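Engineer: Everything below, folded, please.
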Amino acid sequence: MSGPHHIPEVVPVRYEVVGSSEHSGEYVAENIIVDRPRDHSSRWSAANGSPSTKQWIRIRLKTLSVLKSITFGKFHKTHPCNMKDFKVLVGANEDNMTEVLRAGLKNDTTPETFSIRSTNRVGLPFPTRYVEIVPLSVHGQNFNTSIWHVSFSGIVDETYVEQVHSRHQTYRENVALRQVLKHLRQRRLLTPVNQILAQSGMRLEHPLVTSIHESFVLHGDWSRTEQLIKDCADAGLLRSYRQACHVRTRWTRIRGLDADGDVPCRRGGHAMCMDSQHGVVYLFGGWDGQRNLDDFWAYDVAQDAWKLLSPATSREKNGPGPRACHKMVFDSKNGSIYLLGRLRDPDMTIDSDRTSTNVPLSDMPDGPAIRHGSTLWQVQEEYLTHDARIAQNLVNAAARMSRRLAESPHCSEFYRYHTRGLDAGTWDLLAFDTAASGGPPLVSDHQMEIDSEAQVIYVSGGRVAGTEWDALKFSGMYSYDIRTSVWKMYNTSDAYASHPSIPPRFGHSMVLDTKSQTLFIFGGQREERYLADMFAFHLPTNTVTELSSNFSSAGGPDPCFTQRAAIDCEAQEIYVFGGVTRTKASAPPVLETESPYYIYRYDRPDIPGRWSKILPDKEPGTAWPQPRYAHQIAFDTTTKALYLHGGNSGLDGDDSDDEGVHPPPPAAGEGRSTTESNATHMPVTDTDSDSDMTRLDDFWRLEIIRPSYEEITRRAHFEVRKQQFREMCEDEPPIKALTFLQTRVSAVVNHEDPEEAKDFRMLLATHLLSAFPHVEPGTSATTQPEASSDAGASIAREDSPPPRKRSRPSSPQVPSELAIRMEKDPLEESSAPSPERFRQRTEMFEKLMAFINEDARQPDQNLVDMMSGDGVIV
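Structural biologist: Next up is the predicted model:
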């Protein structure tokens with residue numbers, strides 16, 4: 001039997017067609033039940049191809065189910081009638097259906113699977129019995145829409161679905177009742193509100209918010225209201241407002257040196273990770289324009305100093321060789337660094353029979369040639385050094401070359417570096433080839449994340465070594481259990497699977513939300529196309545959810561490659577540092593010059609979040625990094641600071657023009673220019689020495705600056721005192737109101753903010769001066785237009801959250817002919833406000849609710865605004 005916390009297996013869901021719009025000829029809707037990709041007649045085809053005519057197919061599932069995905073089968077070749085854009089609606093009955101998917105199909109032969117949203121906005125699963133598919137466009141102009149085959153997957157376990165249905169019904173009842181309670185309180189029917197709350201045992205809002213309503217709306221106790229707002233801040237009830245506020249940035253150029261006055265040289269395609277507990281940033285490898293690097297650095301944040309841990313790790317026991325386009329992660333639990341991947345080394349060529357190899361002189365400093373067994377290493381440059389230690393050096397070099405041979409040509413080595421304990425400062429070679437033990441093949445431009453608490457590493461995508469650029473091969477998704485040393489492969493990229501898939505890619509971004517155990521995967525490159533899609537992969541259930549097929553249209557960056565990302569799990573934010581962008585495959589890659597930095601905020605990982613652009617602080621004297629790609633970032637989970645280093649600041653493919661070479665775009669290898677990416681296929685020319693001028697060695701710290709809770713509390717107090725001033729203008733002598741405005745109100749105004757200062761000045765004209773209307777001759781004072789009640793409303797601030805989607809009007813607007821007059825309720829005291837004042841205060845209370853977390857306040861919508869014709873939209 002399925003327990004309340006057990007999620008049954010996702011299985012195919014059977015269905016029947018119960019209706020459709022008019023079809024053409026023999027192409028009835030029932031044809032979509034069976035998948036016959038080679039049968040030209042096995043499809044539903046609309047009778048009318050006009051885009052203004054609604055087309056639809058309605059489906060009834062055999063049993064009430066929790067739907068997870070929908071799959072569209074296709075004809076065995078492209079067809080002009082293939083449906084392009086569509087939407088899907090679901091519901092427990094035919095009269096109340098909700099849109100859960102809007103997407104598009106490619107005009108090809110590969111079936112496509114899409115996630116269907118199966119949870120509501122608060123994350124509660126809901127059951128489905130009816131599905132409606134609505135075509136919106138067709139691939140061929142003036143052709144009738146055709147759908148060839150449709151299948152579903154979901155959970156049909158009877159016990160589980162019944163539990164879901166019961167919980168969802170309870171939730172809907174609570175939502176409806178809370179809407180009614182808000183409506184009654186707006187109409188000053190306080191007695192029935194209290195009776196319903198007492199009898200039902202439910203809660204309309206957080207108790208502190210209820211207290212604000214009582215002190216502000218019913219009693220006009222301004223001091224207590226302000227104190228309650230401070231209490232809300234202390235209780236975390238203003239967190240959502242703060243997170244939604246537009247952020248400012250503070251970039252700081254870090255100029256710390258090591259003991260010898262050095263810093264890591266110019267490079268791209270290197271790797272970085274951070275020990276947040278001890279405030280140390282680690283940097284390894286990369287490509288400097290001439291060669292791969294194997295220097296290893298550590299930056300101490302507190303000391304503002306670099307330290308060269310190793311000038312060449314390849315010379316250390318079990319140390320990794322020079323490399324670029326690799327990845328590192330830091331295990332905060334054990335203080336270990338894990339390193340995986342590399343772009344195939346252009347400095348070393350190996351014969352197909354593996355009998356000889358040519359290597360750079362930097363790897364063989366003490367001899368022109370070394371023979372190890374049947375393998376000969378031959379130096380291509382003039383022998384430069386001689387000393388008495390040559391014999392031992394030759395032995396050491398032979399050992400290094402043996403290890404290099406073991407790494408070549410396509411072995412995926414896996415390394416661990418110890419930063420703590422008895423083994424501190426040493427390397428472990430965990431595997432010569434991870435592919436041999438069920439792990440990923442040798443990859444570059446992949447992504448790697450670690451869950452230190454669970455001791456699991458996740459590796460996603462990347463270009464597989466050994467494939468030509470015109471025949472790219474991509475790796476999939478893997479996990480590595482640190483405790484057991486076992487690799488596991490996830491089936492996330494099978495386009496023919498019954499669940500949604502993540503198209504393989506490289507040069508993308510991946511971050512891990514450890515709280516929800518969800519990986520976010522987005523951007524990158526596949527074939528010649530830069531991607532702007534985003535997926536959430538829930539690890540416990542192996543569930544893929546497509547969050548966006550084009551995040552550029554939702555305010556995110558353009559399709560991008562080698563962008564960098566970091567996640568703040570507590571704030572539920574992803575910070576994206578742009579790389580190379582390209583709007584279409586035929587367009588040249590470019591760097592966004594204005595501000596290639598973005599924030600993605602989410603409330604739930606399986607529901608699309610909100611994108612916003614991070615604009616640099618352009619105050620005089622401030623500086624910020626120039627746009628770049630193939631850079632690296634590290635995130636300090638303790639201080640919430642981000643560190644950025646190096647990368648390439650230009651697309652320098654022109655360097656090779658003198659040679660008449662037009663190699664692949666920078667996507668071919670994130671750490672290299674277009675010339676360098678092709679270094680495995682052509683010699684390095686003299687022009688390459690100039691290309692390193694586009695490489696950077698600058699080091700930056702980024703601080704995300706939000707309004708403090710004190711600042712947010714001040715803004716809320718401003719709203720309270722505006723209402724207090726408004727009432728003083730009506731009840732008190734003008735001089736007293738003016739004094740209050742100049743002292744108490746002015747004290748909570750940021751006069752340096754032009755918009756807020758203007759709002760403050762408007763209070764005088766809107767409320768105080770309007771108390772003395774100027775009457776024109778022959779005009780009755782009663783005919784003067786009243787000052788707008790919204791004239792003193794706060795003007796939207798630049799750093800305020802975007803406006804919430806709410807009903808209009810937000811405060812009760814009661815027609816005069818209705819019996820509800822907002823008269824004093826029996827529960828109120830003798831000093832109760834007048835009906836008009838109750839309405840004013842309720843309106844201001846609604847504005848104060850913008851500062852409160854959504855789950856702690858009354859519903860946003862008004863009941864009367866939810867009425868649509870003869871029905872209610874819930």
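Engineer: show me where the stretch 701-850 of the chain has helices.
Structural biologist: For the stretch 701-850 of the chain, the helices defined by DSSP state H, counting those that start in this stretch occupy 709-731, 734-740, 754-763, 835-848.
Engineer: For His76, find the nearest of those helices.
Structural biologist: helix 835-848 (58.1 Å; C-beta to C-beta). In this view, the C-beta of every residue, glycine as well, is placed from N, C-alpha and C.
Engineer: where's that closest one relative to the chain centroid, distance-wise?
Structural biologist: 37 Å (C-alpha atoms, centre = their mean, to the nearest Å).
Engineer: Compute the mean per-residue pLDDT across that helix, please.
Structural biologist: Averaged across helix 835-848, pLDDT comes to 95.
Engineer: do stretch 254-265 as well
Structural biologist: On average, stretch 254-265 scores 95.
Engineer: Let's see that stretch as CSV, backbone CA atoms only.
Structural biologist: Output of stretch 254-265 as CSV, limited to C-alpha atoms (Å, rounded to 0.1, in the frame of the first residue of the first chain):
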residue,chain,number,x,y,z
ILE,A,254,41.2,42.3,-6.2
ARG,A,255,44.9,43.1,-6.5
GLY,A,256,46.4,40.8,-3.9
LEU,A,257,49.7,39.1,-4.8
ASP,A,258,51.7,36.1,-3.6
ALA,A,259,54.9,36.3,-1.6
ASP,A,260,56.9,36.8,-4.8
GLY,A,261,54.6,39.5,-6.1
ASP,A,262,53.0,37.2,-8.6
VAL,A,263,49.4,36.3,-9.5
PRO,A,264,47.9,33.7,-11.8
CYS,A,265,48.8,34.6,-15.4
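Engineer: Mind listing what's buried along it?
Structural biologist: Of the residues in stretch 254-265, those buried by neighbour count under the rule 16 or more other C-beta atoms under 10 Å are Ile254, Val263, Pro264.
Engineer: How about stretch 246-253?
Structural biologist: His246, Val247, Arg248, Thr249, Trp251.
Engineer: What does the pLDDT read for the last one?
Structural biologist: The one in question is Trp251. pLDDT, Trp251: 92.
Engineer: Give me the number of neighbouring residues for the residue nearest to Arg185 when sequence neighbours are not counted.
Structural biologist: Nearest non-adjacent residue to Arg185, counting by C-beta to C-beta, 6 or more residues apart in numbering: Val193, 5.1 Å away. Each residue near Val193 was counted by other C-beta atoms under 10 Å, and the total is 21.
Engineer: and Val193, which of the three is it?
Structural biologist: Per DSSP: H, G, I helix; E, B strand; the rest coil, the local secondary structure of Val193 is helix.
Engineer: Could you pull out the helices in the stretch 301-450 of the chain for me?
Structural biologist: Using DSSP H, counting those that start in this stretch, helices in the stretch 301-450 of the chain cover 390-406.
Engineer: okay, and for it, where does confidence drop off?
Structural biologist: 345-409 (pLDDT under 70).
Engineer: For it, just list every one of the strands.
Structural biologist: Secondary structure of the stretch 301-450 of the chain (DSSP state E, counting those that start in this stretch): strands at 305-310, 327-331, 336-340, 349-350, 356-359, 369-372, 375-379, 414-418, 427-431, 443-444, 447-451.
Engineer: what does the stretch 51-200 of the chain give?
Structural biologist: Secondary structure of the stretch 51-200 of the chain by DSSP E, counting those that start in this stretch: the strands cover 57-73, 85-93, 96-104, 112-115, 128-135, 146-147, 149-155.
Engineer: Please list the outside residues in contact with the third one.
Structural biologist: For strand 96-104, the external contacting residues (C-beta atoms under 8 Å, 6 or more residues apart in numbering) are 70, 84-91, 114-118, 130, 132, 546, 549, 874.
Engineer: So which of the buried residues of stretch 254-265 is the closest to Val11?
Structural biologist: Closest to Val11, out of all of these and judged by C-beta to C-beta, is Pro264, at 53.0 Å.
Engineer: what's the spacing between the closest one and Arg323?
Structural biologist: 15 Å (C-beta to C-beta, to the nearest Å).
Engineer: hang on, Val209 is in a helix, isn't it?
Structural biologist: Yes - assessed by three-state DSSP, Val209 belongs to a helix.
Engineer: Please name whichever of the helices of the stretch 701-850 of the chain is nearest to Asp636.
Structural biologist: The nearest among the helices of the stretch 701-850 of the chain, by C-beta to C-beta, is helix 709-731 at 21.4 Å.
Engineer: okay, the angle between the closest one and helix 754-763?
Structural biologist: 20 degrees (axes from the mean of the first three to the mean of the last three C-alpha atoms, to 10 degrees).
Engineer: who does helix 709-731 touch, helix- and strand-wise?
Structural biologist: With contacts taken as 3 or more C-beta pairs under 8 Å, 6 or more residues apart in numbering; DSSP states H and E, helix 709-731 sits against helix 222-234, helix 239-244, helix 734-740, helix 754-763, helix 835-848.
Engineer: Same list (the ones you listed) but as TSV, adding distance to His508.
Structural biologist: TSV is the format used below for those (distance: least, C-beta to C-beta, whole Å):
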stretch	distance to His508
helix 222-234	39
helix 239-244	26
helix 734-740	57
helix 754-763	39
helix 835-848	42
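Engineer: can I get the ones you listed in CSV with distance to Gly647 and mean neighbour count?
Structural biologist: Converted to CSV, the helices and strands packed on helix 709-731 look like this (distance: least, C-beta to C-beta, whole Å; neighbours: other C-beta atoms under 10 Å):
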stretch, distance to Gly647, mean neighbour count
helix 222-234, 40, 18
helix 239-244, 29, 19
helix 734-740, 56, 15
helix 754-763, 37, 16
helix 835-848, 45, 19
